[in-house]
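>>> next input, structure requested:
(chains A and B)
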Amino acid sequence: MSARILSILHARNIEFLRDRSALGWNILLPVLLVVGMGVIFSGDGRAMFKVAVLQESEVVDVTAHPFLQTRYIDFYAVSDLDDALAKLSRHQMDMLISPADQPPQFWVNESAPKGYILEKLIASTGTSDFSRGTVTGTAIRYVDWLLPGILGMNMMFSCLFGVGYVVVRYRKNGFLKRLKATPLTPFEFLTAQVLSRLVLIIGLTAMVFAGTSYLIGFKTSGSYVALIVVATLGATCMISTGLLVAVRTASEELAGGLLNMISWPMMLLSGVWFSLEGTPQYVQKIAGLFPLTPLLSAARHIMLDGAGLSEVMPQVIQLALMTVALLAIGAWLFRWQED
Amino acid sequence: MSEILEVRNLVKEYPGITAVAGISFSVEEGSCFGMLGPNGAGKTTTVEIMEGIRSASSGEMLYRGKPIGANFRNEAGMQFQSTALQDHLTVRESLQLFHGLYQHGADLDELIESCSLKQLLDRDNRKLSGGQRQRLLLAIALVNDPTILFLDEPTTGLDPQARRNFWDLIEKIKKRRTTILLTTHYMDEAYILCDTIAIMDHGEIIARGSPESLLKEHFSDVIIELPREAFTVSPASLPWTIHEKIDSVEISVASVSEAVTKLLELGVGIDRIRIRPRNLEDLFLELTGTELRA
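Predicted coordinates for the structure are as follows:
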């Protein structure tokens, strides 16, 4: 029996080791993830407070006020006062300051304990030149904030793996070759794959959303029509991403590596679990390239802030453009089989 | 009969390998054209280029006198050597899937009847036997009511009964005047089904014609087969070509009566002799000088 096990073990090892592309990804992916995440989330300590600094520049000028040199506070730049005040009212930041104003101003949420402590810290810097502003509003429960993220993440995995993997399997077992012998065009095939997965994923997500909302007592503030538009576009965009991975790949292991390489950074950087506010600008810019980022941003805006379609139009346009580009590239690169 | 398909100087090269080395041939409308040869001879590559599945390195292919274009897929039916179907679909659903890919299709009920699939319609296509699966794949190849049908080694791996059932189906299709291009490495299959054959080896066509004409052209003798233990004389003492096998001896003779007389004179027992005409396998051995590399 052990000889038989060894024979199979040996053969499988050879198969794996000779599939250079898959082997490469298996080694490269964890290294990339560790290095990438290490760079993104490295710092000299854990910030205890998040303070937004109202200014045009993306880099906070710590010399603008002694308070900005306080350790263990995460100071990050924001440029839109109304947006920042809205976030402050929802406890998504602990304080907003505008050091360039004359006199300098800060705003706190009167029902936020951290805001109270930060006020005391400002006072302890020995400066009393700040003008005080307040907002009110209860904190959004983490579970409410998390719900769009979890639903989005579930859509992402289903879209990427449910389409990418399947197409690779079709190519590997020769089903695509058989389809190539028919009048079916790549565009028609890809469109059918997109629509099939889209209908399934929207239906399933709607069911999960309804059930989860009932269980946790969540109520969407904004337009359901806008939410459906955003979800549909987001899912189409992620399905197109999955198809792009599968347009030529014939190795399921390579496809798995590529899909992991796309899905893990999206899961960590697109705002599924935590807000990216306060992370370096370049991280936010990279995250903005992932389809999950505008999807979650728009979905939260609708579900939590009560936004309508016009207010999430930038994300809608971004998702639509990305979808068209990904589908066009996918259809252009698509091959039914390896020659 | 007019030519429906013509291939001119077809070449397919891969790095370090010439799979098809400049072959030319034509197929007459309504005929069954067989491409024979061992594995690796280049017949599947040739057929897949004609089907549009692979690209040629060079050469020309004409369908009804015009270069093969995109519309050819509407008029051709194809059964590959091995084809995976979509998982979890029944036989009926698999047929409907492919039927829906063509603008004009065959009558599905008729097709199901002719391919003997009626009892299998609700069965998962993964649970079919080898013969049943090949019948389904043939039906799929026929869903567009093709004018030309490509069958690439359709009976490989089937048991003798399933092979013969499949041959009956092909005969039915032939009667409808559908042109068939069949690749096989079974010489008996080609002999029974094909009007014209081309024998390929190392990417080249080494013989072409009707099975009968090729046999007549290359052979004027018959084979006498004797059991090994009955052959008690030295081969050198006989004026014929002798081919010694493990269990038997084959003697190639021009006249059976003369040969039998001679063997009796030499005291060779002829109780268990078998006399057979030359067949395509003999022709292949004659032409290539090698055993079949099946």
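
>>> mind giving me the domain split of the chain?
No chain specified, so I'll use chain A. Following automatic domain parsing, one gets these domains for chain A: A:49-135, A:142-333.

>>> that's the wrong chain, I meant chain B
By the record's domain assignment, chain B is partitioned as B:3-211, B:220-277 (automatic domain parsing).

>>> what about the shortest one, how long is it end to end?
Using Cα to Cα, to the nearest Å, one end of domain B:220-277 lies 9 Å from the other.

>>> tell me how many other residues crowd the closest residue to chain A within the stretch 51-200 of chain B.
Ranked by Cβ to the nearest Cβ, the top residue of the stretch 51-200 of chain B for proximity to chain A is B:Ala84, at 3.6 Å. Where C-beta positions appear, they are placed from N, C-alpha and C, glycine not excepted. Applying the criterion other Cβ atoms under 10 Å in any protein chain shown, we find 17 residues in the vicinity of B:Ala84.

>>> doesn't it fall inside a strand?
No: in this structure, B:Ala84 is coil, not part of a strand, as judged by DSSP: H, G, I helix; E, B strand; the rest coil.

>>> so what's A:Gln55 up against?
If you count contacts by Cβ atoms under 8 Å, 6 or more residues apart in numbering or on different chains, A:Gln55 has them with A:61, A:64, A:77-79, A:98-100.

>>> out of those, which are buried?
Among the contacts of A:Gln55, those buried by neighbour count (16 or more other Cβ atoms under 10 Å in any protein chain shown) are A:64, A:77-78, A:98-99.

>>> looking at those, which are in strands?
Here DSSP state E is the test, and the buried ones among the contacts of A:Gln55 give A:77-78, A:98 as lying in strands.

>>> hang on, B:Thr18 packs against B:Glu204?
No: B:Thr18 lies out of contact with B:Glu204 (Cβ atoms under 8 Å); the separation is 9.4 Å.

>>> how confident was the prediction at the residue of chain A found nearest chain B?
Residue of chain A nearest chain B, by Cβ to the nearest Cβ: A:Asn173 (3.6 Å). We have a pLDDT of 87 for A:Asn173.

>>> contacts only, for the residue nearest to it when sequence neighbours are not counted.
With Cβ to Cβ, 6 or more residues apart in numbering or on different chains as the measure, B:Ala84 is the residue that lies nearest to A:Asn173, at 3.6 Å, once sequence neighbours are left out. Applying Cβ under 8 Å, 6+ apart, we find B:Ala84 in contact with A:170, A:173-175, A:178.

>>> residues of the stretch 51-200 of chain B that sit close to chain A?
If contact is defined as Cβ under 8 Å from any Cβ of the partner chain, the residues of the stretch 51-200 of chain B in contact with chain A are B:51-55, B:70, B:73-74, B:76, B:78, B:80, B:82-86, B:98, B:101-103, B:144.

>>> and the buried ones among those residues, selectable in PyMOL?
What follows is the PyMOL syntax selecting those of these that are buried according to 16+ other Cβ under 10 Å:
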select buried, chain B and resi 51+52+53+54+73+76+78+80+83+84+85+86+98+101+102+144
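
>>> in strands, which of the residues of the stretch 51-200 of chain B next to chain A appear?
For those, the ones inside strands are B:76, B:78, with DSSP E as the criterion.

>>> who in chain A is up against chain B?
A:170, A:173-175, A:177-184, A:337, A:339.

>>> what subset of those is buried?
Applying 16+ other Cβ under 10 Å to the residues of chain A next to chain B, the neighbour count classes A:170, A:173-175, A:177-182, A:184, A:337 as buried.

>>> closest to B:Leu214 out of those?
Of all those, the one sitting nearest B:Leu214 is A:Ala181; the distance, using Cβ to Cβ, is 30.5 Å.

>>> just for chain B, where's the confidence low?
Within chain B, the stretches falling below the threshold (pLDDT under 70) are B:1, B:289-294.

>>> nope, the stretch 101-250 of chain A is what I meant
For the stretch 101-250 of chain A (pLDDT under 70), the answer is A:126-128.

>>> so can I have JSON lines of the contacts of B:Ala84 showing secondary structure?
Listed next are those as JSON lines, based on three-state DSSP:
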{"residue": "A:Tyr170", "secondary structure": "helix"}
{"residue": "A:Asn173", "secondary structure": "helix"}
{"residue": "A:Gly174", "secondary structure": "coil"}
{"residue": "A:Phe175", "secondary structure": "helix"}
{"residue": "A:Arg178", "secondary structure": "helix"}
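
>>> let's have those in TSV, adding distance to A:Leu160.
Conversion of these to TSV gives the following (distance: Cβ to Cβ, whole Å):
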residue	distance to A:Leu160
A:Tyr170	16
A:Asn173	20
A:Gly174	24
A:Phe175	20
A:Arg178	25
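
>>> pick the one among those closest to A:Leu147.
The shortest separation between A:Leu147 and any of the contacts of B:Ala84 is 34.2 Å, and it belongs to A:Tyr170 (by Cβ to Cβ).

>>> any idea how far the closest one lies from A:Gly256?
15 Å (Cβ to Cβ, to the nearest Å).

>>> secondary structure element holding B:Ile223?
Take DSSP states H and E as the rule and B:Ile223 turns out to sit in strand B:222-227.

>>> quick check: buried residues in that strand?
Along strand B:222-227, the positions that meet the burial threshold by neighbour count (16+ other Cβ under 10 Å) are B:222-226.

>>> quick one: the helices in the stretch 201-339 of chain A?
Applying DSSP state H, counting those that start in this stretch to the stretch 201-339 of chain A gives helices spanning A:224-246, A:252-269, A:281-288, A:292-305, A:313-333.

>>> ok and the second one relative to helix A:292-305, angle-wise?
Yep, that's helix A:252-269 we're talking about. If you take axes from the mean of the first three to the mean of the last three Cα atoms, to 10 degrees, helix A:252-269 sits at 40 degrees to helix A:292-305.

>>> so which other helices or strands are in contact with helix A:252-269?
Helices and strands touching helix A:252-269, by 3 or more Cβ pairs under 8 Å, 6 or more residues apart in numbering or on different chains; DSSP states H and E, are helix A:20-41, helix A:142-173, helix A:224-246, helix A:281-288, helix A:292-305.

>>> cool, the third one as well?
Packing partners of helix A:281-288 (3+ Cβ pairs under 8 Å, 6+ apart): helix A:252-269.

>>> mind listing what's buried along the helix it packs on?
Residues A:252-269 are the ones in helix A:252-269 that count as buried (16+ other Cβ under 10 Å).

>>> quickly note the distance from the closest residue to A:Leu244 other than its chain neighbours to B:Val222.
Excluding its sequence neighbours, the residue lying closest to A:Leu244 (Cβ to Cβ, 6+ apart) is A:Gly330, at 4.8 Å. Going from A:Gly330 to B:Val222 by Cβ to Cβ gives 63 Å.

>>> all strands for the stretch 1-150 of chain A, in order.
According to DSSP state E, counting those that start in this stretch, the stretch 1-150 of chain A carries its strands in the segments A:49-54, A:73-78, A:95-98, A:105-109, A:131-135.

>>> could I get those as TSV with distance to A:Leu17?
Formatted as TSV, these follow (distance: least, Cβ to Cβ, whole Å):
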stretch	distance to A:Leu17
strand A:49-54	48
strand A:73-78	45
strand A:95-98	55
strand A:105-109	58
strand A:131-135	60
